[in-house]
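Asks: Got a sequence here, can you build the structure:
(chains A, B and C)
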Amino acid sequence: MPVSRPESLGARVIAHVDMDCFYVQVEQRKQPHLSGQPTAVVQYNSWKGGGLIAVSYEARKYGVKRSMRGDEAKQVCPQIQLVKVPVSRGKADLCIYRNAGSEVVSILSRKGRCERASIDEVYLDLTDASEAMLAETPPESVEIIDEEALKSHILGLNEDGSNLKENVREWLRRSEADHRDKLLACGALIVAELRMQVLKETEFTCSAGIAHNKMLAKLASGMNKPAQQTVVPFVSVKGLLEPLPIKKMKQLGGKLGSSLQIDLGVNTVGELLQFSEEKLQERYGINTGTWLWNVARGICGEEVEGRLLPKSHGSGKTFPGPRALKTIASVEHWLNELCEELSERLHSDLDQNKRIARTLTLHARAFKFSDTDSHKKFPSKSCPLRYGATKIQEDALNLFQAGLREYLGSHRIKTQGSQHNGWGITGLSVSASKIVAIPSDTCEAMQSADDKDPNCSFSNQAQDVQEISALSSPGFQSTSSYSELHEADVRKENLFGTSTLGQNGPRRDTWDYKIDEIDPSVVNELPPEIQEELRYLVRPQKRANIPKRGSSIAHYFLPTKNS
DNA sequence: ACGGGTAACACC
DNA sequence: TGGTGTTAC
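Replies: Residues are numbered from 1 along each chain as shown, chains lettered A, B, ... in the order given. All right, here's what the predicted structure looks like:
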């Protein structure tokens, strides 16, 4: 049977939950006398008071900012409490924050699909829970609405009136509302409840955004902090994005955003609307171009992944300027420390989550003061990962040496008559990736295996790393501007970037097929407003090998057979 | 060349 | 692939 409008079929309810100055909260829970005080978490206290990595909201009032020095913070806020990040093996150890993050994830994952986006952020897909609530106990039928939910900010709702809570209550409960709004209202109630549970069970506060997709939810979660939540009704999207500085959008805070400003003269998301998809693709490539076109319209088909654990583990340290490592022995020492930490975390992951990592990668930053190419990057190297701290240390050192040979090229090694090598290492890190679940019955055998056990089945994954040769990779020019960097890419993509559609498609106001069967080229022919609504609302369809960003609108649909 | 230490991801 | 660059917190 034909439907006259798509209704809200396909509308999702997505939340982004963001912990407030998370590291500070973790420290305040540990030392309650710090609660309510201007506080910051700082690492490496020795030099200029260390670098701030988290700042409490009390301290922000004084103008204290992340990435200030401890000393600077003291200047603008003399009474600030500076708490040091724990140090072990001579480096910052973030494990207490990771563990605290896990506590939060385990609570936030109760009501729907949950994606750990970082140590202190998650996305939730609350569509099913919201639909269920709407069917069983819709807000309009509920007498008492959570105090927390009543404190929601509803974008587009008159926030200047005197009776804020009553307005919100009315918005949450109104029965004449658009179906999409009702879903978001349910989402807001669920998120308020979740946030209260987080507070009760962990003592941590968080902020959240509730919207129809990840992009908007993320944007909203940052709009009212700390300890508040913000809802983005469908009709408010345009008004929200139009005046929004382009740099505020996730992914546009860096070079791409600058390129939009400088090369296209676009300063707000609204100004981006003037550029056709083709034009954006021409300049930024087919994927990024389409993604930008969608960003301008608040369209984002990205799914919430359903992943509670990190995809990789890493341990690293910088050795700035004068502290650069100049001998293999010192590099070996620090690699051993880093690998020990990594190994410990891998064993915890195995223990707690029954997962193993398959790839070990070494990254380094280096300088050399010989002659020309002193800007060359130290190449990353990877190899199969063998479990056991000493094995990882051994492999990491081999990877480093392979990288160093390549970095130095077939040049001479020493500056003559000098005590140094001609090179220095300013950063080292090791990481473990390609993490996969293992069958539970193979776990126990593994857990008892250790370094010394040559028969440990997990210890022999690697081929002989000595054989890693310095084949690979063409040097890379250093980057200054975004367009420069991607010039080659863009040209190539243009060869394939033929964009869609002829002129005379069907144009109609009713459809007699289901939304997820619509052919993308048909959508392109519909009236513009309807197009946007459709694209916005339709649930993304799963397909393999699609870049996260989505290379074309077609990816949000399943193509139909005959078209 | 102190914005640290980690992460995820796009692209070749 | 593995390796490099970008972005974010």
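
Asks: remind me which residues of the stretch 251-400 of chain A are low pLDDT?
Replies: Filtered on pLDDT under 70, the stretch 251-400 of chain A yields the residue ranges A:371-374.

Asks: and with 90 instead?
Replies: A:321-322, A:368-376 (pLDDT under 90).

Asks: what does it put close to DNA strand B?
Replies: Counting by Cβ under 7 Å from any atom of the strand, the stretch 251-400 of chain A comes close to DNA strand B at A:285, A:287-288, A:305, A:310-318, A:320-321, A:323, A:341, A:367. The C-beta positions use only the backbone N, C-alpha and C, and glycine is treated the same way.

Asks: try the stretch 1-150 of chain A
Replies: In this structure, the stretch 1-150 of chain A approaches DNA strand B at residues A:43-44, A:47, A:51, A:53, A:67, A:91-94, A:98, A:118-119, judged by Cβ under 7 Å from any atom of the strand.

Asks: From those residues, list the ones also adjacent to DNA strand C.
Replies: Within these, those near DNA strand C by Cβ under 7 Å from any atom of the strand are A:Ser118.

Asks: on that earlier part again, using ChimeraX, define a selection of the buried residues within the residues of the stretch 251-400 of chain A next to DNA strand B.
Replies: The ChimeraX command for the buried members of these (criterion: 16 or more other Cβ atoms under 10 Å) is given here:
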select /A:285,287,288,305,310,313,314,315,316,317,341
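
Asks: which ones among the residues of the stretch 251-400 of chain A next to DNA strand B are found in strands?
Replies: Taking DSSP state E, the ones among these that sit in strands are A:313-318, A:367.

Asks: Just the closest residue of the stretch 151-300 of chain A to DNA strand B, please.
Replies: Residue of the stretch 151-300 of chain A nearest DNA strand B, by Cβ to the nearest atom of the strand: A:Asn287 (3.6 Å).

Asks: For that residue, give its distance to A:Arg89.
Replies: The gap separating A:Asn287 from A:Arg89 is 41 Å, by Cβ to Cβ, to the nearest Å.

Asks: and if you look at A:Gly298?
Replies: To A:Arg89, A:Gly298 is 46 Å away according to Cβ to Cβ.

Asks: what does A:Asn163 give?
Replies: To A:Arg89, A:Asn163 is 57 Å away according to Cβ to Cβ.

Asks: Between the two, which is the more surrounded one?
Replies: Using other Cβ atoms under 10 Å as the criterion, A:Asn163 and A:Arg89 rank with A:Arg89 on top: 16 against 10.

Asks: Would you mind confirming that the more buried one makes contact with A:Cys339?
Replies: No. The criterion here is Cβ atoms under 8 Å, and A:Arg89 misses it with A:Cys339 at 9.7 Å.

Asks: A:Glu115 belongs to a strand?
Replies: Yes. Checked against DSSP: H, G, I helix; E, B strand; the rest coil, A:Glu115 lies within a strand.

Asks: Was I right to think it contacts A:Arg307?
Replies: Yes. Using Cβ under 8 Å, A:Glu115 makes contact with A:Arg307 at a distance of 5.5 Å.

Asks: for the closest residue to A:Tyr44 other than its chain neighbours, phi and psi?
Replies: Excluding the flanking residues, the one nearest A:Tyr44 by Cβ to Cβ, 6 or more residues apart in numbering is A:Gly50, at 4.6 Å. The phi and psi torsions at A:Gly50 (degrees, to the nearest 10) take the values phi 80, psi 170.

Asks: tell me the contacts of A:Gly50?
Replies: A:42-44, A:69-70, A:82, A:84 (Cβ atoms under 8 Å, 6 or more residues apart in numbering).

Asks: May I have stretch A:168-178 exported as PDB, CA atoms only?
Replies: The C-alpha coordinates for stretch A:168-178 follow below in PDB (Å, rounded to 0.1, in the frame of the first residue of the first chain):
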ATOM      1  CA  VAL A 168      10.500  21.000  28.600                       C
ATOM      2  CA  ARG A 169       7.900  18.900  30.400                       C
ATOM      3  CA  GLU A 170       5.400  20.100  27.800                       C
ATOM      4  CA  TRP A 171       7.800  19.300  25.000                       C
ATOM      5  CA  LEU A 172       8.600  15.800  26.300                       C
ATOM      6  CA  ARG A 173       5.000  14.900  26.900                       C
ATOM      7  CA  ARG A 174       3.100  16.500  24.100                       C
ATOM      8  CA  SER A 175       1.000  14.100  22.300                       C
ATOM      9  CA  GLU A 176       0.500  16.000  19.000                       C
ATOM     10  CA  ALA A 177       4.200  15.900  18.300                       C
ATOM     11  CA  ASP A 178       5.900  14.700  15.200                       C
END
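
Asks: what's next to it, contact-wise?
Replies: A:8, A:138-140, A:142, A:145, A:149-152, A:154, A:157, A:181, A:185, A:188-189, A:233-235.

Asks: Show the buried residues in these.
Replies: A:8, A:139, A:145, A:149-150, A:152, A:154, A:157, A:181, A:185, A:188-189, A:233-234.

Asks: ok, which pair from those residues is furthest apart?
Replies: Distances among the buried ones among the contacts of stretch A:168-178 were taken as Cβ to Cβ; the most separated pair is A:Ser8 and A:Leu150, at 24.1 Å.

Asks: For the stretch 101-250 of chain A, give me the ranges with low pLDDT.
Replies: Within the stretch 101-250 of chain A, the stretches with pLDDT under 90 are A:158-164, A:175, A:177.

Asks: mind listing the strands for it?
Replies: A:113-118, A:121-125, A:153-154, A:206-211, A:229-231 (DSSP state E, counting those that start in this stretch).

Asks: which stretches of the stretch 401-550 of chain A have low pLDDT?
Replies: Along the stretch 401-550 of chain A, the parts satisfying pLDDT under 90 run over A:409-422, A:438-550.

Asks: swap the cut-off to 80 and go again
Replies: Along the stretch 401-550 of chain A, segments meeting pLDDT under 80 span A:410-421, A:439-550.

Asks: Could you tell me the end-to-end distance of stretch A:170-190?
Replies: Start to finish, the residues bounding stretch A:170-190 are 17 Å apart (Cα to Cα, to the nearest Å).

Asks: The residue nearest the centre of chain A and A:Val64, how far apart?
Replies: Nearest to the mean C-alpha position of chain A, counting by Cα atoms, centre = their mean, stands A:Ala117 at 4.8 Å. Here A:Ala117 is placed at a distance of 26 Å from A:Val64 (Cβ to Cβ).

Asks: Then A:Pro310?
Replies: For A:Pro310, the distance to A:Val64 - Cβ to Cβ - is 29 Å.

Asks: got it, and A:Ser236?
Replies: 33 Å.

Asks: more neighbours, these two?
Replies: Relative neighbour count places A:Val64 above the other of A:Ser236 and A:Val64, with 22 against 18, counting by other Cβ under 10 Å.
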